[in-house]
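Trainee: here are the coordinates; sequence isn't available:
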């Protein structure tokens, strides 16, 4: 549910909304009446045409990101921010390069902060705001994810700090930590006919991979105007993967 008429804008900014989870988030928010701004390097998927507004930007470029944010805000404040864009380099500790690590920091950690810094003043003026950071279950620990898990863990930490700082202004800040989600990126790394993919699915208590829409539904909950009493929380959309399976 988007903000009521007492809130000046019903605009949500979603980073990385051209594909996968971000695309599902954009579709869900548009269906609920939000105007959606998409910041992504690549154009949105042609099908279906959703009606979001796309700005091409490399979020690792601070100057370019700030310029695009100024353009977005020239039309008025933005009430919701979903920091979804991310990059994931998979490598063992010994093989993790400094360049890859720095790129992960730039996109997964720094860009969310830059976006929040730009949008929060307008949220404060309205006395209403919603920030959702898309983290990952991997921050709890997963092999070959030194840079990815570290930066996603940082998103969780920033979520809690921002929630404390912004609560008095009517701004909630929460994080979603997805588990295995069926996206093109996941299927590229885990082909459906690969036995290892079957092992991943068999380890999920609910017995299936998550869909991008599962994450989008959780985002919609956090952005709802009625969800203002929930802040500083991490929601694991993971099919139960984060739970211990007693006896097994």
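Mentor: Right, received. Where do you want to start? Just so it is clear, the model here is predicted, and its values are computed rather than measured. Numbers count the residues shown, from 1 in each chain.
Trainee: Only the buried residues of stretch 89-104, if you could.
Mentor: Residues of stretch 89-104 classed as buried: 89, 96, 100, 101, 103, 104 (neighbour count, 16 or more other C-beta atoms under 10 Å). The C-beta positions use only the backbone N, C-alpha and C, and glycine is treated the same way.
Trainee: now it, how far from the chain's geometric center?
Mentor: Mean-position distance between stretch 89-104 and its chain equals 21 Å (C-alpha atoms, centre = their mean, to the nearest Å).
Trainee: Low-confidence bits of this protein, can you list those?
Mentor: Scanning the chain with the threshold set as pLDDT under 70 gives 1-9, 47-48, 244-248.
Trainee: Strands along that one, start to end?
Mentor: Assigned by DSSP state E, the strands in the chain fall at 11-15, 35-40, 53-56, 80-83, 129-134, 171-178, 234-237.
Trainee: what's the longest helix in the chain?
Mentor: The longest helix of the chain (DSSP state H) is helix 146-166.
Trainee: angle of that one against strand 171-178?
Mentor: Here the directions of helix 146-166 and strand 171-178 differ by 160 degrees (axes from the mean of the first three to the mean of the last three C-alpha atoms, to 10 degrees).
Trainee: of all the buried residues of stretch 89-104, which two lie farthest apart?
Mentor: 96 and 103 (11.4 Å; C-beta to C-beta).
Trainee: Quick check: neighbours shared by those two?
Mentor: By C-beta atoms under 8 Å, 6 or more residues apart in numbering, residue 96 and residue 103 have these common neighbours: residue 89.
Trainee: which residues does residue 13 contact?
Mentor: Listed by C-beta under 8 Å, 6+ apart, the contact partners of residue 13 are 36, 37, 39, 72, 78, 80, 81, 82, 115, 119.
Trainee: Residues in a beta bridge with it, which ones?
Mentor: Beta-bridge partners recorded for residue 13 (DSSP bridges): residue 37, residue 81.
Trainee: same check, this time on residue 236
Mentor: In this entry, residue 236 is beta-bridged to residue 177, by DSSP bridges.
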